[in-house]
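Trainee: A predicted structure for the sequence below; I have some questions about it.
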Amino acid sequence: MKKRLPGVFLACALPCVALTQQAGVDASANFIKPGDNLVLENIPPIAAKIAEATAKYDASRASIFLGWHPTRREMLISTRFGDTYQIHSVAMPGGARRQLTFYPDSVFSAQYLPDGKSFLFQKDIGGGEWYQIYRYDLATGDEALLTDGHSRHEYYLLAHHDTSLVFTSTRRNNKDDDLWIVDAADPNAAGNAHILTQVEGGGWAPLDWSPDNRQLLVLQYISANESYLWLVDAKTGDKKLLTPRPHGDSVAYAAAAFSHDGKSIYVLTDRDSEFQRLARMDLEGLRPEYLTSAIHWDVDSMSASEDGKSIAFVANENGFSKLYVLDTASGAWRPLSNIPAGVVSGLRFHADSRDLGFEVGSARSPDDDFSVNIESGKIDRWTQGETGGLDPETFVEPTLIKWKSFDGLELSGILHEPDAAKFPGKRPVMIEIHGGPEGQARPEYMGRENYLINVLGVAILEPNVRGSTGYGKSFLKLDNGFHRDATYKDINALLDWIGKQPRFDASRVMVYGGSYGGHMTWAVSAFYNDRIRCAMPIVGMSNLVTFLEHTEEYRRDLRRVEYGDERDPAMRAYLEKIAPMNHLDAMHKPIFAVVGRNDPRVPWTESRQIIDKLNAQGTPTWFLIANDEGHGYSKRKNLDFLFDAEVAFIQKYLLN
C-alpha cells in the first residue's frame, strides 16, 4: 500500500448539503457495485473489466514496524489481511503474522507493557482522528479503554520498565493537547487518569521519560520551522523551557531522548544550520554540541539504545535514506552496511541494545520490517511484503529530474517513466503533488499506480515544489504567507519543462494530489486550466480562508502559521485573491474530487462548495464521498473502488 494520502477526518463545520445519486449499479450488467458507504455524483458505472485488470495491483501489502517485545526477540507490526491494517505479532524473522486486533478501522500504533503480557494500541472511528487508547490482554484477548472515549488522544508514551503512561488529551476544552497521566495496568484507568499539566495549543507530544522516570521531555510544535523542548516534572507537572527562541531565526526540533545518566539529551535540530543535525545538549548549560555536521542533509529520525551507548539515526540524502549509528562515548558515527536501499523509518532498539528494528520501502517493494545487529552487522528480514503476485522487477525505478521556476529557483522531482520499448512515442503525464505542504516526494513504493505506468503507459512526475522538506529550512519557508501562489507558479514552470521533453505529450497532462496536494490541484486547475487535460483533487482545500475557519479547532492555529492568519485583513484579501474557489470561470476541464465525510483536517465541504458551482456552470465533474473515511481513504474496499474509478477517469479524459 502506497501511503499517498495522510489519514484524517472532520465533522461538517459548514451547513451540510443533501447528497443525491446514492451509489448502486447493476452488477449483472458487468459493472462494479460500490458499497453503500460510498456516495457517487456524476460518476458513470465503472466497468467490471477495470476491476479485473487492476486486481493484482490492488493486492499489495506493506508491514509497519511498531515495536519489540520487552523480553523476547519478537515484533509487533501493523499489516492488512482483510479490509484494514491491524496489529500482528511476529515471533521470528520470516515468521507467521499472528493477527491480534480485529476492527473495521485501521490500527497503526502499539506498545507492549513491561511484563509483555499486554500491549497498548490506539485507534479512531471512521477516520475522524478522535483517537482513543486501549489495553489488550494477550492471554484473554480482552480490550480495555484507557481514555474517556470521546476526546482526542494523539500521542502516548510508557515509562521505562513501568506502567506509568503519559498521553495528550483535548479533554479539557477540545482544543489544547494537555498532558495526562495514568497507570496503564489499572483496571479502572479510564476513570483514574488525571491531568499532569495544562498547555496551550494543539502541537504537544511527549518524547521521552528520564531514566529514573521522574521527568519528561516534551515537544511543543508550532510549525515545521519552529518548535520547542520542555522538561516536565512527572509528579508535579511543573515545566521548564529548555530551548527558548534565540535571537534571529526560529529553530525546529524533531526528536529528543535523554542520555543514560539523565544529565544531557540528544536532539535533532536545525539550530545554527540549514539542515537538521544530531546534537547533544547538557541540561545544565543547555549549549548544543553538534555531532553530524559533516552530513549536509536532514537527519530525520533517531533512536537511543536502552544502555545509552548507541544512537541510531537516519539521514535523508536526496530522498534516499542512509542509516547510521553513533557511539555516545566517543561521539563517532558510522554508516550501517547492506541496509536495503529505499526509505527507512520506524527506528526502535530492542531492550538488548543490539537489535535495531526498522521498516524499509522502495520503488520495487512495499514497506517491510527488518532488524540489524549493530555489533555484528547481521540483517534479518522479518516480513516479506506482497506485490499481488506481480514481478517487482517490472516496476519502474524512478529518476531525479530538475527544472527552473519562474524566479530562477532550481526545483527537483521524481519521475516514473513507462518503458520506452513497450510504450513508444510521446506519453501522457500525471503530475502528482505531495501534501503537507511540508512533505517530500521520495522513491517509495507506488502500489496501485504501477498499473498506470506499466499497463496504461502514463508517466508519473512527483515534484518537490518550494516549501518541501529535505532541502534546508530556507527552502522550507519559501511558500509561507504571502508567497503561497509561488508554489502554483512552480507547477506552471514544470509544465514548461514537460513541453520541452521529447518523451512527453504536453497536450495530455493530468494534475493529481491529496490534502495540500489537493489544494495545489485545485489551484493549477484554476490558474493553468488551458495547460492540463483533467484534474483529480483528493481531500483538498478550495479556499484557504474557509479551510482555516472550519478545520478542527485543535489544529487551526498550527495551520495559520503556515498559510497565514485569515483574521488579518491583508492576509485574508490575499488568500481570497488566490483561492481556486474564486476563479471558477477559468475551470472548464474535467474534475474528479474525492472526500471523506469525517475529515477533521480539510472539511469535506471544501470540495462540496466548489463542485456545486462547477456543476452549475457546466464543468464536467465526478464527486466521490466515503461516509466511513476521513482525510484520505484507508479501507481496502474503498481504495479499490477509488482506484478503479480513477482508471476510468484517466481512460476517458487523459488517454482519449
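Mentor: Nice, thanks for sending it over. Residues are numbered from 1 along each chain as shown.

Trainee: then residue 570 would be within a helix, right?
Mentor: Yes. Counting by DSSP: H, G, I helix; E, B strand; the rest coil, residue 570 falls inside a helix.

Trainee: what pLDDT is listed against residue 15?
Mentor: For residue 15, the pLDDT comes out at 25.

Trainee: hmm, I typed the wrong one, I wanted residue 8.
Mentor: For residue 8, pLDDT reads 30.

Trainee: kindly report the same for residue 247.
Mentor: Model confidence at residue 247 (pLDDT) stands at 77.

Trainee: residue 318 too?
Mentor: pLDDT, residue 318: 86.

Trainee: please name the residues that touch it.
Mentor: 297, 400, 470 (C-beta atoms under 8 Å, 6 or more residues apart in numbering). Heads up, the C-betas are built off the backbone N, CA and C, glycines and all.

Trainee: how much space separates residue 547 from residue 523?
Mentor: To residue 523, residue 547 is 13 Å away according to C-beta to C-beta, to the nearest Å.

Trainee: neighbour count winner among these two?
Mentor: residue 523 (29 against 25; other C-beta atoms under 10 Å).

Trainee: run a quick check on the more buried one versus residue 488, I expect a contact.
Mentor: Yes. Here residue 523 lies in contact with residue 488, judged by C-beta atoms under 8 Å, at a distance of 4.7 Å.

Trainee: joint contacts of the two?
Mentor: Common neighbours of residue 523 and residue 488 (C-beta under 8 Å, 6+ apart) are residue 578.

Trainee: separation between residue 381 and residue 39?
Mentor: 42 Å.

Trainee: inside strands: which ones of the contacts of residue 318?
Mentor: Assignment to strands by DSSP state E places the following of the contacts of residue 318 there: residue 400.

Trainee: buried subset of the contacts of residue 318 as a PyMOL selection?
Mentor: The PyMOL command for the buried members of the contacts of residue 318 (criterion: 16 or more other C-beta atoms under 10 Å) is given here:
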select buried, resi 297+470
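
Trainee: buried stuff in stretch 300-312?
Mentor: Buried residues in stretch 300-312 (16+ other C-beta under 10 Å): 300-305, 308-312.

Trainee: hmm, I was thinking of stretch 43-59
Mentor: 43, 45-48, 50-51, 54, 56-59.

Trainee: look through this structure and tell me its longest strand.
Mentor: strand 504-514.

Trainee: run through who's touching it.
Mentor: Contacts to strand 504-514, defined as C-beta under 8 Å, 6+ apart, come from residues 4-6, 426-435, 459, 491, 495, 498-499, 519-521, 524-525, 531-540, 632, 650, 653-655.

Trainee: with just CA atoms, put that strand into PDB.
Mentor: C-alpha atoms of strand 504-514 as PDB (Å, rounded to 0.1, in the frame of the first residue of the first chain):
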ATOM      1  CA  PHE A 504       6.100  13.600 -23.100                       C
ATOM      2  CA  ASP A 505       2.800  14.800 -24.600                       C
ATOM      3  CA  ALA A 506       2.200  18.300 -23.200                       C
ATOM      4  CA  SER A 507      -1.300  18.200 -24.500                       C
ATOM      5  CA  ARG A 508      -2.200  15.300 -22.300                       C
ATOM      6  CA  VAL A 509      -1.300  16.300 -18.700                       C
ATOM      7  CA  MET A 510      -3.300  15.500 -15.600                       C
ATOM      8  CA  VAL A 511      -2.700  17.000 -12.200                       C
ATOM      9  CA  TYR A 512      -3.400  15.000  -9.000                       C
ATOM     10  CA  GLY A 513      -2.800  15.500  -5.300                       C
ATOM     11  CA  GLY A 514      -4.000  14.800  -1.800                       C
END
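
Trainee: pull out the buried positions in it.
Mentor: Result for strand 504-514 [16+ other C-beta under 10 Å]: buried residues 504-506, 508-514.

Trainee: moving C-terminal of that strand, what's the next helix or strand?
Mentor: helix 516-527 (DSSP states H and E).

Trainee: any idea how far residue 623 is from the closest residue in space to residue 114 that isn't next to it in sequence?
Mentor: Spatial nearest neighbour of residue 114, excluding adjacent residues (C-beta to C-beta, 6 or more residues apart in numbering): residue 161 at 5.1 Å. Applying C-beta to C-beta, the value for residue 161 to residue 623 is 52 Å.

Trainee: could you do residue 41 as well?
Mentor: On the measure of C-beta to C-beta, residue 41 and residue 623 end up 4 Å apart.

Trainee: do the same with residue 87
Mentor: Distance from residue 87 to residue 623, by C-beta to C-beta: 34 Å.

Trainee: do residue 399 as well
Mentor: 35 Å.

Trainee: equivalent analysis for residue 397, please.
Mentor: 35 Å.

Trainee: those two - which one has more neighbours?
Mentor: residue 623 (22 against 12).

Trainee: quick one: residues in contact with the helix or strand hosting residue 231.
Mentor: Assigned by DSSP H and E, residue 231 belongs to strand 226-233. With C-beta under 8 Å, 6+ apart as the test, strand 226-233 has contacts from 179, 196-197, 203, 207, 214-222, 238-245, 250-254, 256, 265, 267, 283, 561.

Trainee: and if we set it to 6 Å?
Mentor: For strand 226-233, the surrounding residues in contact (C-beta atoms under 6 Å, 6 or more residues apart in numbering) are 197, 215-216, 218-221, 239-243, 250, 252-253, 256.

Trainee: farthest pair within those residues?
Mentor: The largest separation in the contacts of strand 226-233, counting by C-beta to C-beta, is between 215 and 250 at 25.4 Å.

Trainee: more neighbours: the two, which one.
Mentor: residue 215 (21 against 18).

Trainee: and stretch 248-268, which residues are buried?
Mentor: When burial is assessed from 16+ other C-beta under 10 Å, stretch 248-268 yields the following buried residues: 250-259, 264-268.

Trainee: how many neighbouring residues does residue 242 have?
Mentor: Using other C-beta under 10 Å: residue 242 sits among 18 other residues.

Trainee: same deal with residue 446?
Mentor: Neighbours around residue 446, by other C-beta under 10 Å: 25.

Trainee: next one: residue 520
Mentor: 29.

Trainee: so it sits against residue 433, correct?
Mentor: Yes. Contact criterion C-beta atoms under 6 Å: residue 520 and residue 433 qualify, at 4.5 Å.

Trainee: for the stretch 1-150 of the chain, which segments count as strands?
Mentor: 38-41, 60-61, 63-68, 75-80, 85-90, 97-99, 109-112, 118-123, 132-137, 143-145 (DSSP state E, counting those that start in this stretch).

Trainee: any idea which of those strands scores lowest on pLDDT?
Mentor: Among the strands of the stretch 1-150 of the chain, strand 60-61 scores lowest, with a mean of 93.

Trainee: partner strands of it, parallel or antiparallel?
Mentor: strand 386-387 (antiparallel) (DSSP bridges).

Trainee: what lies in contact with the partner strand?
Mentor: Contacts of strand 386-387 (C-beta under 6 Å, 6+ apart): 60-61.
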